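Peer 1: Sequence first, predicted model second:
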There are 2 protein chains.
Amino acid sequence: MNSELCRRLGIEFPLFAFSHCRDVVAAVSRAGGMGVFGAVKYTPDELRRELAWIDAHCDGKPYGVDLIVPNAMAGKGMALDDDALAAMLPEPQRAFVERLLAQGGLPAADLDQDRRAALRAARNMSEAGAAEMLEVAFSFPIRLIANALGAPPAAMIEMARARGVPVAALVGAREHALAQIAAGVDILVAAGAEAGGHCGEVPTMVLVPEVVEVAGDVPVLAAGGIVTGRQMAAAMAMGAAGAWCGSVWLTTAEAEPPEPIKRKLLAAGSRDTVRARSRTGKPSRQLRSAWTDAWEGPDAPPPLPMPLQSLLTEPALARVEKLAAAGHPGAERLATYWVGQGVGLMRAAGSAAAVVQEFKTDFLAAYERLSRLLEE
Amino acid sequence: MNSELCRRLGIEFPLFAFSHCRDVVAAVSRAGGMGVFGAVKYTPDELRRELAWIDAHCDGKPYGVDLIVPNAMAGKGMALDDDALAAMLPEPQRAFVERLLAQGGLPAADLDQDRRAALRAARNMSEAGAAEMLEVAFSFPIRLIANALGAPPAAMIEMARARGVPVAALVGAREHALAQIAAGVDILVAAGAEAGGHCGEVPTMVLVPEVVEVAGDVPVLAAGGIVTGRQMAAAMAMGAAGAWCGSVWLTTAEAEPPEPIKRKLLAAGSRDTVRARSRTGKPSRQLRSAWTDAWEGPDAPPPLPMPLQSLLTEPALARVEKLAAAGHPGAERLATYWVGQGVGLMRAAGSAAAVVQEFKTDFLAAYERLSRLLEE
């Protein structure tokens, strides 16, 4: 595609694949898009191993890394001591989670032992943790570093600038875009309310032109609900420089969700997601399930602030996912997944490369549709 | 524009202006789009007068009429007796509304006497009332009849078919589209969650391709958040046959809102709307104000079912609007208006014809943006 952004990043087609799965990242980069590895749940050593694999499987094509350094936490010097944090989980919330598991016929004991993964994500979101992750990321020839949840810390922007790596940041409102530009980011990802994971209140159709309007020369990628090339063309007609997609890769052959969850995603409609604080403490969009229904119910305790809510929920949801993968019916009912409202349009059970190819074909068809309308 | 729908309706540019203001309807039709007159708040006699005016000011260009016949009410033979209905308003809800007015420094007595307009809208939404309105509408050479809130009754479709007038219907979900097609509608209006007034949960970026996918030969107009030509181009790239807009006309010189409300709309951002049941009993999107904040607050009583909630709120809001127009500060704070999230992009204080012209220019610019991206 004839675009400044494609030239700058060395890619052919400005489709960005945010994924926690290295196979998807490498496949999309090889297919002409850009894979961006979501690193927050890994240790620095694991990240090194994953990036080494991606680097070896990208055929020299560009790839990126995404971290989460929330604005509200960065720089607060929060000491994340495992035992101290776990002790901060109040009894009503603990009991609610245990009851949910028990009602689904899942073992509810010993969740404390499983909090390690959640603690790791929390630590990666602290300043010290993020610095370690950044060092690992920049030890590879990455071509993009992205940050969600607020303006990236100055140290991140300086490290990136010194290495000539563009910094991307997610925004959910026009005001956030202005703050990110002031902080010096190179690429904005305007993520609409229909996006999976953490999301704002303004849908993509409104947010993209709003952010483009204030972005000046800073390229804007459109995110939220985009799972087809026609939607990508729509976003680019409104001035976006490309599309940033997460959900659409989840059902591909390479992707990490267990088969029963992939089946749930392929069966879901666009009204089968819920935007709630019950997973992390901040509003995030996920697949509706017995788990999310319970948290929306009248008996549910209020969600805890970040990072405590994740510390509460992630060990339980990890258990749910593991048992759902093994065919446990109660676990299948409880199983949820971060996914956007575009899930209602998701049909792809093939390869990630095939999805990229479909995007290209569909993008062209959308353009030709407009061309025909404007014929004399 | 070279489109089947434009040929069928005899219009030049598939931009539909839903408006309660006859001046906007006529201006948009004259400018090459299609004005659609929102008739629900008028008596049959008033509707006759308004349509006669529109017919005389359209220069022979096509225009349409929009009614609301909710699926849940049509055919139930609900007898709407003024006193009986007013007596159904519970004391806590009445007292809450009176307190809100009093807190804003507005007179709070004698609201019962002002319920006539709200009762009229309720009556127009009943089967007998709608039949009377349909007869008036079809006594004019209208080129489109539209219905919101559920599948149109068979009688409406038969009357329209006998006169060769296409029937349009609003849908907020893929499932509604299937029901409307089965009922025999000719045009679907896919209204995203960002739309003003009654709206669903699925945003335009997802809903439009979802509805297009199941619509077959039935043309789909995109609604919800669209206030610029670039968004119209985006929707049409996704397969929409045109755009159906309501909010964008509200701030034009011709439009009906009082100046202080127009100023509030021009100043509002895309996060300054709220989707709530507190106006009509069904979820509708409106400008956030002291009124909507109070209804979202912890002391608010639950909203009543349709049509009772409108009967409760409309007389009070009519008083608020009248006093806001006169510069009453408490009324200006309370004043709200049905508007979509596109309000954050609305800048137009000029004529409705100028808005149509800007849409055309902006549509072309969006197309050219895509063309440049695809140049070799």
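Peer 2: Thanks, I have the structure now. No experiment lies behind these values; they were computed from the predicted model shown.
Peer 1: Now look at the top helix by length along chain A and say if it contacts chain B.
Peer 2: As assigned by DSSP state H, the longest helix anywhere in chain A is helix A:352-373. Yes. Helix A:352-373 is in contact with chain B by C-beta under 8 Å from any C-beta of the partner chain, via A:364, A:366-367, A:369-373. Glycine gets a C-beta too; all of them are placed from N, C-alpha and C.
Peer 1: what ranges do the strands span in chain A?
Peer 2: Taking DSSP state E as the test, the strands found in chain A are A:15-19, A:34-38, A:63-68, A:144-148, A:167-171, A:187-191, A:197-198, A:220-223, A:242-245, A:273-276, A:284-287.
Peer 1: circling back: buried sites along the longest helix of chain A?
Peer 2: A:352-353, A:355-360, A:362-363, A:366-367, A:369-370, A:373 (16 or more other C-beta atoms under 10 Å in any protein chain shown).
Peer 1: what does the stretch 51-200 of chain A have sitting close to chain B?
Peer 2: A:173-175, A:192-194, A:200.
Peer 1: As CSV, the residues you listed with neighbour count, pLDDT and distance to residue A:87 would be great.
Peer 2: As requested, those are exported to CSV (neighbours: other C-beta atoms under 10 Å in any protein chain shown; pLDDT from 0 to 100; distance: C-beta to C-beta, whole Å):
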residue, neighbour count, pLDDT, distance to residue A:87
A:173, 21, 96, 35
A:174, 23, 96, 40
A:175, 13, 95, 37
A:192, 29, 98, 38
A:193, 26, 98, 35
A:194, 33, 98, 37
A:200, 21, 94, 32
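Peer 1: pLDDT below threshold where in chain A?
Peer 2: Residue ranges of chain A with pLDDT under 70: A:69-82, A:125, A:127.
Peer 1: just curious, which of the residues of helix A:352-373 next to chain B is nearest to chain B?
Peer 2: residue A:366 (4.2 Å; C-beta to the nearest C-beta).
Peer 1: Isn't the closest one up against residue B:237?
Peer 2: Yes. The criterion here is C-beta atoms under 8 Å, and residue A:366 meets it with residue B:237 at 4.2 Å.
Peer 1: Name the residues contacting each of those two.
Peer 2: Counting by C-beta atoms under 8 Å, 6 or more residues apart in numbering or on different chains, the contacts common to residue A:366 and residue B:237 are A:230, A:233-234.
Peer 1: Which one (most neighbours) among those residues?
Peer 2: Highest neighbour count within the shared contacts of residue A:366 and residue B:237, by other C-beta atoms under 10 Å in any protein chain shown: residue A:234, with 37 neighbours.
Peer 1: For the longest helix of chain A, list the C-alpha coordinates in CSV.
Peer 2: Taking Å, rounded to 0.1, in the frame of the first residue of the first chain, the C-alpha atoms of helix A:352-373 are listed here in CSV:
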residue,chain,number,x,y,z
ALA,A,352,-3.7,-16.2,10.4
ALA,A,353,-2.1,-15.8,6.9
ALA,A,354,-5.4,-16.6,5.3
VAL,A,355,-7.0,-13.8,7.5
VAL,A,356,-4.5,-11.3,6.2
GLN,A,357,-5.2,-12.4,2.6
GLU,A,358,-9.0,-12.1,3.2
PHE,A,359,-8.5,-8.6,4.6
LYS,A,360,-6.6,-7.5,1.4
THR,A,361,-9.3,-9.0,-0.9
ASP,A,362,-12.1,-7.5,1.1
PHE,A,363,-10.4,-4.1,1.3
LEU,A,364,-10.1,-4.0,-2.4
ALA,A,365,-13.8,-5.0,-2.8
ALA,A,366,-14.9,-2.2,-0.5
TYR,A,367,-12.9,0.3,-2.5
GLU,A,368,-14.4,-0.9,-5.7
ARG,A,369,-17.9,-0.6,-4.2
LEU,A,370,-17.2,3.1,-3.6
SER,A,371,-15.7,3.4,-7.1
ARG,A,372,-18.8,2.0,-8.8
LEU,A,373,-21.0,4.4,-6.8
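Peer 1: name the helices or strands packed onto that helix?
Peer 2: Helices and strands touching helix A:352-373, by 3 or more C-beta pairs under 8 Å, 6 or more residues apart in numbering or on different chains; DSSP states H and E, are strand A:15-19, helix A:22-30, helix A:229-237, helix B:229-237, helix B:352-373.
Peer 1: Select, out of those, the one closest to residue B:89.
Peer 2: With respect to residue B:89, and counting by C-beta to C-beta, the nearest of the helices and strands packed on helix A:352-373 is helix B:352-373 at 37.2 Å.
Peer 1: Contacts for the closest one, please.
Peer 2: Residues outside helix B:352-373 that contact it (C-beta under 8 Å, 6+ apart) are A:1-3, A:233, A:236-239, A:367, A:370-371, A:374, B:13, B:15, B:17, B:23-24, B:27-28, B:30-33, B:228-230, B:232-234, B:237, B:243, B:248-249, B:252-255, B:348.
Peer 1: Mind giving me the PyMOL select for those, buried ones only?
Peer 2: Those of the contacts of helix B:352-373 that count as buried under 16+ other C-beta under 10 Å are selected in PyMOL with:
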select buried, (chain A and resi 1+3+233+236+237+238+239+367+370) or (chain B and resi 13+15+17+23+24+27+28+30+31+32+33+228+229+230+232+233+234+237+243+248+249+252+254+255+348)
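Peer 1: For the stretch 251-376 of chain A, what lies in contact range of chain B?
Peer 2: Residues of the stretch 251-376 of chain A lying close to chain B (C-beta under 8 Å from any C-beta) are A:269-271, A:341-342, A:344-345, A:364, A:366-367, A:369-376.
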